[in-house]
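> Sharing a model prediction with you, sequence too.
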Amino acid sequence: MFSRDGVTGITFHRTPARTFAALFHMETPTRTKTVEERRNVVILFAGDSGDGIQLTGTQFTDTNALFGNDVSTFPNFPAEIRAPQGTLAGVSGYQLHFGSTEIFTPGDLCDVLVVMNAAALKANLGKLKKGGIIIANSDGFDAKNLRLAGYIDQQDPLTDGTLANYTVHAVDVTKMTRNALAETTLGMKEKDRCKNMFVLGFINWMFSRSLENSERFLQEKFSKKPELLDANRRALLAGFNYGDTSETFTTRFDVRPAPLPKGTYRSITGNQGIALGLVAAAQKAGLDMFYGSYPITPASDILHELARHKNFGVKTFQAEDEIAAICSAIGASYGGALGVTASSGPGIALKGEAMGLAFMLEIPLVIVNVQRGGPSTGLPTKTEQADLWQAIHGRNGEAPIPVLAASSPTDCFEMAFEAVRIAVEHMTPVILLSDGYIANGAEPWRFPQASELHAITPPFATPRTNDEQEKFLPYKRDGKGVRPWAVPGMKGLQHRIGGIEKEDGTGNISYDPLNHEKMVRLRAEKVRKVVEGVPPLDLSNGVESGDLLILGWGSTYGAIKTAVNELCAEGQCVGHVHLRYLFPFRKELGELISRFKRVLIPEMNSGQLRQLIRAEFLVDAKGLNKIQGMPFTAAEIKAAALEHLKQ
Amino acid sequence: MTTATEVINGSSAPAKLDYASDQEVRWCPGCGDYSILKQVETVLKEKGLPKEDIVFISGIGCSSRFPYYLDTFGMHSIHGRAPAIVSGLRAVRPDLSVWMITGDGDSLSIGGNHLIHLLRRNVDVNVLLFNNEIYGLTKGQYSPTSPEGAVTKSTPMGSVDHPFNPLALCKGADATFLARAMDRDPKQLRDVLLRADAHRGTSLVEIYQNCNVFNDGAFEVFTEKASKPFHTLFVEQGKPLVFANGTKGIKLDGMTPVIVDLADGTTSLNDLWVHDERDAFKASILVRLFEDPRHEGAMPRPFGVFYVADRPTVESRIIEQVELATTRKGAGDLDALLRGERTWTIG
């Protein structure tokens, strides 16, 4: 069933110059260990933000994805780049859910918790299932670490019996990594930086995975640094062998490949999805792309990704501020390119006035908001869905802008593509909402072929020939209410546009009262028509009518889907509709809602979609609201659904 | 890769185009803006570029209505942001002739940040900064160039803010072209505009413009026939700095400019500071000749092209990188991009 793709051009089958066996005079393991099969596993790696936790996590994710598991991940960063070592503030986490079945979330509670120090344990113990496995770096539980983590009287939880409900494996990762690297010439600090590879090796052993993928990764990463390559490989193998030889570990686990739809897959994060969706759509529209942005967490990775793809005609511009970022994108669109800007809540607030200008000019523009906890600076590295009202209402005057939301990392690709299509074909700014949870989370993606993607048709005006005397009307609309895109350089189409109210048709300044009302209505009508005739892109699951509709948007998709699957399996009459068009709403939504007795809207805010739904459809929707900077668990949604079903 | 430029017709410049639009000009009668508009039209005619290849981008303020009065492409944008819009436009359309119209409030107050970054990046655009030392469109508040003590609607007891010296600010931001002109000297304005247009990079032209409604006579001492020779200094490349109808000059005493008398026989033209617009250090001193002309013995206010430097424009560097990436990696292959670096197949 499972095969690897040789098309990538990556040296997938390359044999290392020296095999591990040759390097370590390795014997084939002879010890017998039990292998226990699991349907799915949630593992959380946690340590200091300098411990290389994210790398360990992404490597193990890649290995499992390549093996054929379905995967979903949730990296959880501290706000500080290097918070004081050993403190709770400095704990970085990477949660991975992998399974032999389809998976929609990074998992509620963990089966396995890997902690590099006492603070990592303290911060994450609550996320571990009762009876779960703790793998602890015992060196990270010395007196200093215990004190920094705030353990009272420096009581060591690894030995004081407080973890009696869990299976604890204390492993001196530091010491064993140093031992494994004793023959190398590296300094102590550099040796200690290989600890994460020891852990990765051990985890690979624990879950019956080969080291081939991690080995190949190291080959590529350290191809020009043979010393570091050698050291990291030694640590990786030492970790693997430790599991194999240590008497402590008698059980390995195995998670078989998942029956995912046939096809070729890759792993993708939400921010990558957005970047690729934008590039793909620009190509399909035949437009050069200009990306103006100002660095902000958690949106910066879109800039980083796009800056790597200049050979697609992508121009990236790190502007002096958020306002310049959007205004430069407006300038690029005015020049006939696809202008895009992205930010997070605080930056979006600064872009508000310019969004109004783009709306008034009626030119294509895509604005991405990778939401984070707010208000103000809020929780920069945590997730939230609290910018929905800002997206829909956050401009002066009546400036309706289509608002879309992506529901998962792979959906980020589709919705970015859709955002470009609407912006270009309808000559309007479009806001795409993502959030920190799906921006950094990864999942397998059965990527499309370029030929499968729809063409996008910019409504370019037709340049005049010398004989034609007919005056160009920049605001003359077509049947969809869309004006022509007349770009500087198009002969005979000179015209002036701006933020001041303009006369219908000519675009000349007009203060006429009736003209103003007409223009406000024409612009709103154009945006309303955006949802006409588009395929039903909102996602749905469960029953089509019944006792309870769970209505969601954005990154809550996976948790709701998991909960609804479980509820339906238990015989509950529950449906799930997941909105990707937040403004304007799709017309059939009202009818769909009316088929259910109750409506529950889970959101990572105080009820922003709920208010919009109640206002639009006069339905008594109830909310499930979590404002903790953390995504919903499926269990939370299921419990709330059961509660509502009782009423 | 198709771009908008490819759907554009090729065109050649017809003789003596009329660049005026069909819109009625609505500045106050007697406003200095009329004179600047006329000189810009003259320059456009002289250059004779096709109308569709010219773009005027403005911000907000009286001067920013400018684009409506020309039959070119134009955008009247939002307050202070024209430099950012120009930067994006330029990055994708290096083929156009781009002009930016702004005022002292627009580009030195609300848009100050964008202006300095435009200059350091050296985006190829002709910036006409209409300085009238007042907020006109909002009806008479002081601006960041109003002198200390200026009595305006918002400063009935006189302004307590120290004003910007616009050209010194722009020099500090590493501008590659710095010039000053005035609405009341059309010929000099025209010459400066031609020079600005010829420069590749950000050409910053500060234009003293009289607001006859809210700040009438702000520059009278520089523009009126009687006082002009004694308070202004018109610099010319390679020429000594002479003013007051040839009776006075400026020489450099070390790094300090001093006024010398040319009539008393103690100093000759050979002793004077010779203008060199390529000298960054001299330019830094020149822009600092900014004394209040009402003060006894004040330095004359210089006009003309102060500084010119060659530095690649940011858009040329952006485009170079796109070309280099394409040379190195080949034109973008969308399938390869979607596939990424690692894949696996199920089925």
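On my side now, so go ahead.
> which stretches of chain A have low pLDDT?
Residues of chain A that meet the criterion pLDDT under 70 lie in A:1-32, A:467-469, A:533, A:537.
> At the contact with chain A, which residues of the stretch 51-200 of chain B appear?
B:51-55, B:57, B:60, B:67-68, B:71-78, B:81, B:83-93, B:95-96, B:113-114, B:117 (Cβ under 8 Å from any Cβ of the partner chain). Where you see a C-beta, it was placed from the backbone N, CA and C, and this is true even at glycine.
> Now do the phi/psi pair for whichever residue of the stretch 401-550 of chain A sits closest to chain B.
In the stretch 401-550 of chain A, the residue that lies nearest chain B is residue A:498 (3.0 Å; Cβ to the nearest Cβ). Phi and psi for residue A:498, reported as degrees, to the nearest 10, are phi -180, psi -170.
> Tell me which other helices or strands the longest helix belonging to chain A touches.
In chain A, with assignment by DSSP state H, the single longest helix is helix A:226-245. Counting contacts by 3 or more Cβ pairs under 8 Å, 6 or more residues apart in numbering or on different chains; DSSP states H and E, helix A:226-245 is packed against helix A:20-24, helix A:173-180, helix A:188-192, helix A:195-206, helix A:212-221.
> hmm, 6 Å instead?
helix A:173-180, helix A:195-206, helix A:212-221 (3 or more Cβ pairs under 6 Å, 6 or more residues apart in numbering or on different chains; DSSP states H and E).
> Chain B: which of those is closest?
helix A:212-221 (8.4 Å).
> Can you tell me what sits against stretch A:346-356?
A:296, A:322-323, A:326-327, A:369, A:394-395, A:399, A:429, B:78 (Cβ atoms under 6 Å, 6 or more residues apart in numbering or on different chains).
> Of all pairs in the residues you listed, which one spans the longest distance?
Greatest spacing in these, by Cβ to Cβ: A:296 and A:399 (22.8 Å).
> Relative to residue B:55, how far out is the nearest residue to the residue of the stretch 401-550 of chain A closest to chain B once chain neighbours are set aside?
Spatial nearest neighbour of residue A:498, excluding adjacent residues (Cβ to Cβ, 6 or more residues apart in numbering or on different chains): residue B:76 at 3.0 Å. Here the criterion is Cβ to Cβ, to the nearest Å. By it, residue B:76 lies 12 Å from residue B:55.
> The helix or strand bottoming out on mean pLDDT in chain B close to chain A?
The weakest-scoring helix or strand in chain B, judged by mean pLDDT, DSSP states H and E, is strand B:344-346 (a mean of 88). Yes - counting by Cβ under 6 Å from any Cβ of the partner chain, contacts between strand B:344-346 and chain A involve B:344-346.
> can I get those in TSV with distance to residue A:563 and neighbour count?
Output for the residues of strand B:344-346 next to chain A, formatted as TSV (distance: Cβ to Cβ, whole Å; neighbours: other Cβ atoms under 10 Å in any protein chain shown):
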residue	distance to residue A:563	neighbour count
B:344	29	23
B:345	31	17
B:346	26	19
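> tell me the domain boundaries of the chain?
With no chain named, the answer covers chain A. A:35-254, A:267-449, A:459-534, A:539-646 (automatic domain parsing).
> That was the other one, I meant chain B.
Using automatic domain parsing, chain B is parsed into the domains B:16-236+B:275-335, B:240-274.
> Figure out which of these is closest to residue A:343.
domain B:16-236+B:275-335 (14.4 Å).
> For residue A:548, list each beta-bridge partner.
When bridges are called by DSSP bridges, residue A:548 pairs up with residue A:574, residue A:598.
> For it, give me its contacts.
Contact analysis of residue A:548 by Cβ under 6 Å, 6+ apart lists A:574, A:598, A:641, A:644-645.
> for residue B:72, same thing?
A:494, B:51, B:54, B:56.
> Throw those residues into CSV and include neighbour count, thanks.
Formatted as CSV, the contacts of residue B:72 follow (neighbours: other Cβ atoms under 10 Å in any protein chain shown):
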residue, neighbour count
A:494, 24
B:51, 21
B:54, 22
B:56, 25
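> Now secondary structure and distance to residue A:41 too, for the residues you listed, in CSV please.
As requested, these are exported to CSV (DSSP: H, G, I helix; E, B strand; the rest coil; distance: Cβ to Cβ, whole Å):
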residue, secondary structure, distance to residue A:41
A:494, coil, 64
B:51, helix, 67
B:54, strand, 64
B:56, strand, 63
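> now these in TSV, with distance to residue A:535?
Converted to TSV, the contacts of residue B:72 look like this (distance: Cβ to Cβ, whole Å):
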residue	distance to residue A:535
A:494	39
B:51	43
B:54	43
B:56	42
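> Closest to residue A:483 out of these?
Distances from residue A:483 to the contacts of residue B:72, taken by Cβ to Cβ, are shortest for residue A:494, at 15.5 Å.
> Do a quick rundown of the helices in the stretch 251-400 of chain A.
A:270-285, A:300-307, A:322-334, A:345-361, A:388-393 (DSSP state H, counting those that start in this stretch).
> before we move on, back to that, out of the helices and strands packed on helix A:226-245, deepest packed?
helix A:195-206 (a mean of 26; mean count of other Cβ atoms under 10 Å in any protein chain shown).
> what angle sits between that one and helix A:226-245?
40 degrees (axes from the mean of the first three to the mean of the last three Cα atoms, to 10 degrees).
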